[in-house]
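Asks: Following is a predicted model, sequence given first.
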Amino acid sequence: MLSFLQEKRLAYKPAIPPILEDLSRAILVPGAASALPEPIAKLFPKTHSARRLAIQQEAEQPGRKLTVGVLFSGGPAPGGHNVLAGLFDGLAQIHPESTLIGFLDGPKGLIENRRKILTASDIGSVRNQGGFDLIGSSRVKIETPEHFEAAAKATSGLDALIIIGGDDSNTNAAFLAEILPLSVIGVPKTIDGDLRSSEIEISFGFDSACKTYAEMIGNIERDALSTKKYYHFIKLMGRSASHIALECALATQPNLTLIGEEKQSLSQIVSQIVTLIEQRKQTGKEYGVILLPEGLIEFIPEIRSLISLLNQLLAKESKPELALDNLGDEHRALFFSLPEKIQKQLLFERDPHGNIQVSKIETEQFLLELVLKQINISTAAHFFGYEGRSCLPTNFDANYCYALGKLAALAAREKATGVILAIRRLNRSPSEWEPTAVPIASLMHFETRSGKEKAVIAKTLVDLQSPAYGRFARERDAWKLDDAYRMPGPIQFFGPSDLTDSVPLIL
Ligand code: FBP
């Protein structure tokens, strides 16, 4: 049985740009083509010349019965079910006999052709709800000729395949668009906020996840103020980039927030923390709150170089011990100087896309131990990650996702392919949002993954020149000693729109 709030949320009507209200009167028109670097263009002969698409009002378009497949890929992000809802409603608007097929458990289900026709009652049960559970997800990479063949079989007869995923899943989408004789359309999902470009202002899920973490951080700040006894080390999910840490820092103003992109060495980080603790002690404060992004460890220059070498060696050696034998003296010394737990975690299997699984590395514990070697304090370590990935989406994410779903239906009718959907002007009211679509290949670069050079969508890191980082850098010193803590409280769904419709601070 649903909770009272879940039921109330089922009835919420997402706000979307007027142009997406009636898809029979909208079309997509090509804009300027962006020239791609030769090696990328070569990999995408079919879609490299795809143009950015803009939406335009038109006279009523003839309806076309569409059969569209959809899948979630990677970690959950709040709002995903609303992409399905927008897509379902959009397809029904285009033609009442259109069909939406969900591939079960993400790319894995696509390869195995496990599917489910989504009905009005299925969709009705997940409107404005968190999670991806209606059809599930997985992190499987579609890369072998057998995978591509299986995907082609599973999608035969479909007009379009919509892939709702992060950077690696949309990389998959770009390669599928090259070989499948149907539209392959990407939707930017990830709580990490690292799938961004001039067109993709933020991925969906980021807002709800950050607001969940910010609520928890605010509660811890109040606890710290009340009991005055612990230093809380809080690691925040978000993979390599520190967008979540930056957003949460702006929302809660803790005493210290480490930003990976500042690329400090391990000793600089530890001495910064120790200095903070000493200074606070002088003012009589023996407690505090410190935020760190899960990807911090990847940015510490000496560890970054160790991880990159390990990635190469682990891609070649079946046994991690053999990889260790081939580390040079310097890297070996560093590796064995790390706590045993961290050594093991650095060797954990890479994810199917070749990424180190930073969420499994206990960086908060590691830093805390290094600090405790220099100064005596009472500490508590936390990791906020999975708690934020499947919560009820904020109005921002519910609206954004529903709009993306409707845009996906339109893009399917317009036979767009090899593109990722985007909505611009997200910091304004939904009535002013600008739907668009950009060629996925235009977001790509080459990167070493599993020991090989591969074309992948570049992860967007925190820009140290951005206004959001600038504000953080200007204000953070004042948060060190004064306890300027802010408690944003839980996500609000009812009440004044300043509370219910706020947008991510980094926008
Ligand atoms: P996506 O890129 O798939 O959206 O991943 C989001 C994320 O939550 C990361 O922040 C985190 O590092 C990772 O998933 C954890 O992965 P898993 O769910 O496999 O433990």
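Replies: Looks like it arrived, so ask away.

Asks: Spit out the contact partners of the residue in the stretch 301-450 of the chain positioned nearest to the ligand.
Replies: Here the stretch 301-450 of the chain gets closest to the ligand at one residue, Ser359, 3.8 Å apart by C-beta to the nearest ligand atom. All C-beta atoms are positioned from the backbone trio N, CA, C, and that covers glycine. Listed by C-beta atoms under 8 Å, 6 or more residues apart in numbering, the contact set of Ser359 reads Met237, Arg239, Glu294, Phe383, Gly385.

Asks: cool, Leu250 as well?
Replies: Neighbour list for Leu250: Ala468, Arg471, Phe472, Leu505, Ile506 [criterion: C-beta under 8 Å, 6+ apart].

Asks: Please identify the helix or strand for it.
Replies: Following DSSP states H and E, one finds Leu250 within helix 243-252.

Asks: does the residue nearest to Gly489 when sequence neighbours are not counted count as helix, strand or coil?
Replies: Spatial nearest neighbour of Gly489, chain neighbours left out: Glu215 (6.0 Å); criterion: C-beta to C-beta, 6 or more residues apart in numbering. Following DSSP: H, G, I helix; E, B strand; the rest coil, Glu215 is assigned to helix.

Asks: Name the residues of the one helix or strand Ala473 maps to that come out as buried.
Replies: Element membership for Ala473 (DSSP H and E) is helix 467-482. Neighbour counts using 16 or more other C-beta atoms under 10 Å place Ala468, Tyr469, Phe472, Arg476, Trp479, Lys480 of helix 467-482 among the buried residues.

Asks: you'd agree the first one is up against Leu505?
Replies: Yes. Ala468 lies in contact with Leu505 (C-beta atoms under 8 Å); the separation is 6.7 Å.

Asks: what is in contact with these two at once?
Replies: Taking C-beta under 8 Å, 6+ apart as the criterion, Ala468 and Leu505 both touch Glu247, Leu250.

Asks: how many neighbours does Arg25 have?
Replies: Number of residues near Arg25 (other C-beta atoms under 10 Å) recorded here: 13.

Asks: and if you look at Gly354?
Replies: Neighbour count of Gly354, defined by other C-beta under 10 Å: 19.

Asks: wouldn't it be in contact with Arg449 here?
Replies: Yes. Between Gly354 and Arg449 a contact is recorded at 3.4 Å, counting by C-beta under 8 Å.

Asks: buried set for the helix or strand of the chain at the bottom of the mean pLDDT ranking?
Replies: Within the chain, no helix or strand scores below helix 320-325, which has a mean of 85 by mean pLDDT, DSSP states H and E. Neighbour counts over helix 320-325 (16+ other C-beta under 10 Å) mark Pro320, Ala323, Leu324 as buried.

Asks: repeat for stretch 19-31
Replies: For stretch 19-31, using 16+ other C-beta under 10 Å, the buried residues are Ile19, Leu20, Leu23, Ala26, Ile27, Leu28.

Asks: average model confidence for that stretch?
Replies: Taken as a whole, stretch 19-31 carries a mean pLDDT of 95.

Asks: Could you export that stretch as PDB, CA atoms only?
Replies: C-alpha atoms of stretch 19-31 as PDB (Å, rounded to 0.1, in the frame of the first residue of the first chain):
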ATOM      1  CA  ILE A  19       5.300  23.900 -26.900                       C
ATOM      2  CA  LEU A  20       5.500  20.300 -25.500                       C
ATOM      3  CA  GLU A  21       1.800  20.300 -24.400                       C
ATOM      4  CA  ASP A  22       0.400  19.400 -27.800                       C
ATOM      5  CA  LEU A  23       3.000  17.300 -29.800                       C
ATOM      6  CA  SER A  24       0.700  17.300 -32.800                       C
ATOM      7  CA  ARG A  25       1.600  21.000 -33.300                       C
ATOM      8  CA  ALA A  26       5.400  20.800 -32.700                       C
ATOM      9  CA  ILE A  27       8.300  19.800 -35.000                       C
ATOM     10  CA  LEU A  28      12.000  19.600 -34.700                       C
ATOM     11  CA  VAL A  29      14.100  21.700 -37.000                       C
ATOM     12  CA  PRO A  30      17.900  21.300 -37.700                       C
ATOM     13  CA  GLY A  31      20.200  24.100 -36.600                       C
END
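
Asks: who touches that stretch?
Replies: Residues outside stretch 19-31 that contact it (C-beta under 8 Å, 6+ apart) are 51-61, 63, 90, 93-94, 403, 406-407, 409-411, 413-414, 416, 435, 437.

Asks: Read off the pLDDT value for whatever residue of the stretch 401-507 of the chain ends up closest to the ligand.
Replies: Nearest residue of the stretch 401-507 of the chain to the ligand, counting by C-beta to the nearest ligand atom: Lys459, 9.1 Å away. Per-residue pLDDT puts Lys459 at 94.

Asks: just the one 5 residues further on next, same as before
Replies: With respect to pLDDT, Leu464 scores 98.

Asks: for it, what are its contacts?
Replies: Glu261, Glu262 are the contacts of Leu464 under C-beta under 8 Å, 6+ apart.

Asks: and it, that's in a strand?
Replies: No. Assigned with three-state DSSP, Leu464 falls outside any strand and is coil.

Asks: Phi and psi next, for it.
Replies: When quoted as degrees, to the nearest 10, the phi and psi of Leu464 stand at phi -70, psi 0.
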